[in-house]
Structure formats: C-alpha cells, structure tokens
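In: what shape does this take:
(3 chains)
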Amino acid sequence: MAKLRIRGFEIHKGYLDLTAQRALIDALRPVLKAAPLFSPSVPGGGQMSVRMTSSGQFGWYSDASGYRYADSHPKGQAWPEIPDQVLSIWRQLTGLDRQPECCLLNYYGQDAKMGLHQDKDEADFSYPVVSISLGDDGLYRMGNQSRGGKTESIWLNSGDVVVMGGEARLTYHGVDRIRYKSSRLLPKGGRINLTLRVVT
DNA sequence: AAGTACCC
DNA sequence: CAAA
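Out: Numbering: from 1, shown residues only, chains lettered A, B, ... in the order given. Below you'll find the model as predicted:
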C-alpha cells in the first residue's frame, strides 16, 4: 500500500485487497441487474465508448442536450442504493459525515476510453470525489485546471483508489486506454471504475 | 461539455 | 472541429 500525490490527486495504490475487491464486485451485481449499463450520447453528437450506470439518489447522465444528474435510470426506474461497502470506503478516505449522493459505475470494455474532462456538474466543489478501480489496468491521465498544457499519466490497477480534492477537484483527467484482460477479477475482462460524488 | 481528429 |  503506497500513497502517491500527483498534482493534488491522492492515489492510494493497492488500497483494497483481493478479498475487498471481490466483495465489491458481489455488491455491484444487484446494482447492474436493477440498473443496466448504457452508453450515453454527448453534446455534439458523439457517443461514449464507456458503458455506465449509477446508484444513489442521483445518477450521472448525458445526452445531446447536456451533462447532468438524473433522479432515475433512462429506462425509468429509480437508481438502486449505494452498497454499504462503497460508502465505507468513502468514510474511511474522506472522514466526512456527509455521504455521497451518486456512485457512478463506468465499465470500460476492450477499446473504451474517456477523454480529458472536469467533474463539474456538482453544486459544491469543496467535497472531494473518490474513484475506485476494479478489474483491468487503466492508463489514467491528469492535466490542468483548464484545457491544454502538459499532462502526467499513471497506470491504475485493481484495488487502487484516487481521491480528488483541493486543487485536484477541478483538474482535467481521463483514461487513455485499458490493458484488456490484465486482471482476473472480472472473468469477462474490462475495467470498472466507481466514482463517488456529493451532488447537491 | 466526458465526442472526434491529429500530433508528439 | 462544433457545440454546449
């Protein structure tokens, strides 16, 4: 277990052991069943290569008209509850009394990636964002608080947890690619990232 | 504007 | 780039 700090990103390498990772996957199974993955469109006409769903009071959503939080899945059902194991990681790392209101689940298949972006659809940027990596390795890129300039990258492995607070809270970040089938956690391969956020 | 292209 |  090592803690790195890059541009304000707190990167907890190996934070979750294999037992904890497996327990999280088991806890996510009912979430995926109640709220199936979908690939949202983005403003401008593109479509995300990542497939996603959410748990919590709000889910993150995007379509041609913009990015936002939605109080239900695109098929209409309420988002399932955030699993206790996930909330426990949030409390351990942030020490906050307030709980996250959204746990976005991003699933990266073989060729999925995510361009550099800011998390800025929330009301209060003083709350950190917590990001949990499960499954295949992902090449994580960190930029600056506005577009352009030099970036730094690090491979995130299953069980790593990143806390984005302070200067990192509004720093551009993204995932260039994954190493498909580099992990055996998910038998079908791919990477799951959980992003915990206070929304309101 | 979490997409694309391209460039290093 | 196009568009939010």
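In: could you use CA atoms for every contact and neighbour count after this?
Out: Fine.
In: next SSE after the lengthiest helix in chain A?
Out: In chain A, assigned by DSSP state H, the helix with the most residues is helix A:18-34. As assigned by DSSP states H and E, the chain's next helix or strand after helix A:18-34 is strand A:51-56.
In: give me the next element, helix or strand, following that next one.
Out: strand A:59-63.
In: name every strand pairing with the helix or strand just after that next one and say which way it goes.
Out: Downstream of strand A:59-63, the next assigned helix or strand under DSSP H and E is strand A:66-70. Sheet pairing of strand A:66-70 (DSSP bridges) gives strand A:59-63 (antiparallel).
In: A:P187: neighbouring residues, count only.
Out: Burial of A:P187 is recorded as 9 neighbouring residues (other CA atoms under 10 Å).
In: which residue packs closest to the residue in chain A sticking out farthest from the centre, ignoring adjacent ones?
Out: Distance to the chain centre peaks in chain A at A:G149, reaching 23.7 Å (criterion: CA atoms, centre = their mean). Leaving out its chain neighbours, the residue that sits closest to A:G149 by CA to CA, 6 or more residues apart in numbering is A:G143, at 7.1 Å.
In: assess the claim that the one you found and A:A168 are in contact.
Out: No - if you go by CA atoms under 8 Å, A:G143 and A:A168 don't touch, sitting 9.5 Å apart.
In: quick one: A:V42 and A:L116, what's the gap?
Out: For A:V42, the distance to A:L116 (CA to CA, to the nearest Å) stands at 14 Å.
In: next one: A:Y67
Out: Shown here: A:Y67 relative to A:L116, a distance of 15 Å by CA to CA.
In: same question, A:D136
Out: Taking CA to CA, one finds A:D136 at 20 Å from A:L116.
In: would you mind naming what in chain A lies close to DNA strand C?
Out: Contacts of chain A with DNA strand C, taken as CA under 7 Å from any atom of the strand, map to A:P43, A:G44, A:A64, A:S65, A:G66.
In: give me that answer again for 10 Å
Out: A:V42, A:P43, A:G44, A:G45, A:S62, A:D63, A:A64, A:S65, A:G66, A:Y67, A:R68, A:R147 (CA under 10 Å from any atom of the strand).
In: and DNA strand B, which of those residues reach it?
Out: Applying CA under 10 Å from any atom of the strand to the residues of chain A next to DNA strand C, those adjacent to DNA strand B are A:V42, A:P43, A:G44, A:G45, A:S62, A:D63, A:A64, A:S65, A:G66, A:Y67, A:R68, A:R147.
In: now, of the residues you listed, which are buried?
Out: Burial by neighbour count, judged by 16 or more other CA atoms under 10 Å, picks out A:V42, A:S62, A:D63, A:Y67 from those.
In: now the strands for chain A?
Out: A:2-6, A:9-13, A:51-56, A:59-63, A:66-70, A:102-108, A:114-117, A:129-135, A:137-142, A:152-156, A:161-164, A:173-179, A:191-197 (DSSP state E).
In: dump these to TSV, plus mean pLDDT and distance to A:L37.
Out: As requested, those are exported to TSV (pLDDT from 0 to 100; distance: least, CA to CA, whole Å):
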stretch	mean pLDDT	distance to A:L37
strand A:2-6	95	31
strand A:9-13	97	27
strand A:51-56	98	5
strand A:59-63	96	12
strand A:66-70	95	15
strand A:102-108	98	8
strand A:114-117	95	16
strand A:129-135	98	16
strand A:137-142	96	19
strand A:152-156	95	22
strand A:161-164	98	22
strand A:173-179	96	18
strand A:191-197	98	11
